[in-house]
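[1] Here's my sequence, what's the structure:
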Amino acid sequence: MIINLRKANALQTSVFLRVKNSTIATSISLNEYQDPMVRLVAARNVALQTIADQTALLAAGYGIRELIGIANGASGISEQLTNAALLDKYIAQLRSLIESSREVVAADVIRGQLEKIRTTPPTYGLMSNTIESGVFTADDISSFNHQLVELAKRKQEVSEQLLELNIKTTITLPSGIVDQLVKYNLV
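    The predicted model follows:
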């Protein structure tokens, strides 16, 4: 079975979701009206079958994951994913910087405020002896915003390239994996 990486990833997700949603009953409630040994044997058999099903599905899911990983490396997707992650970090860094930045206070204002602090007699903690100022100029902040826009454009380009590669790149699922997927109605 030949599928593209986008479908392979969706299939892998479905397999792992099926495993996650299957539970193994490790205990049961018994009452005086039931044959306890029959119920215990039946419950044990169900639990063992669920374990076997989960094991087979996990093997199929990780088999798909391995094939996706190999294809990602061969097609250049791994590099693009790294680029996308790096761009995300840069974008987050700039957003944080922009959101928390204040413009630097003009030098003459700083000097005037500091002089006022020096010449005003203390009033028992009612006046601060410091002033706050941003460290970036308006041009710096404008440059950060411009960089953010450019990085967002580059991230969009990388995302589009990744989508194209994920659709264009295919893998061939071995018959053993396909058999498991068919057995559990996943394809």
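[2] Which residues are in contact with Ile171?
    Counting by C-beta atoms under 8 Å, 6 or more residues apart in numbering, Ile171 makes contact with Ile2, Ile3, Asn4, Leu5, Ala8, Ile64, Leu67, Ile68, Ile70, Ala71. Every residue, glycine included, has its C-beta placed from N, CA and C.
[3] just checking, the second one touches Ala10?
    No - in terms of C-beta atoms under 8 Å, Ile3 does not count as a neighbour of Ala10; the distance is 9.2 Å.
[4] quick one: which of those two has more around it?
    Higher neighbour count among Ile3 and Ala10: Ile3, with 18 against 12, using other C-beta atoms under 10 Å.
[5] and that one, what does it touch?
    Leu11, Thr170, Ile171, Leu173.
[6] did I read that right, it in a helix?
    No - counting by DSSP: H, G, I helix; E, B strand; the rest coil, Ile3 is not part of a helix but strand.
[7] quick one: it from Leu94, how far?
    Distance, Ile3 to Leu94, by C-beta to C-beta, to the nearest Å: 38 Å.
[8] Repeat that for Leu40.
    62 Å.
[9] Could you do Pro174 as well?
    Pro174 is 45 Å from Leu94, by C-beta to C-beta.
[10] and the two? which has more neighbours close in?
    The neighbour count for Pro174 versus Leu94, taken as other C-beta under 10 Å, is higher for Leu94 (20 against 13).
[11] For that one, which non-adjacent residue is closest in space?
    Leu148 (4.6 Å; C-beta to C-beta, 6 or more residues apart in numbering).
[12] Burial check on the one you found, number of neighbours?
    Using other C-beta under 10 Å, Leu148 is surrounded by 17 other residues.
[13] what does the one 4 residues further on give?
    Number of residues near Ala152 (other C-beta under 10 Å) recorded here: 14.
[14] I'd like the distance between it and Gln49.
    Taking C-beta to C-beta, one finds Ala152 at 51 Å from Gln49.
[15] do Ile3 as well
    Distance from Ile3 to Gln49, by C-beta to C-beta: 28 Å.
[16] Kindly report the same for Leu81.
    Relative to Gln49, and taking C-beta to C-beta, Leu81 is found at 38 Å.
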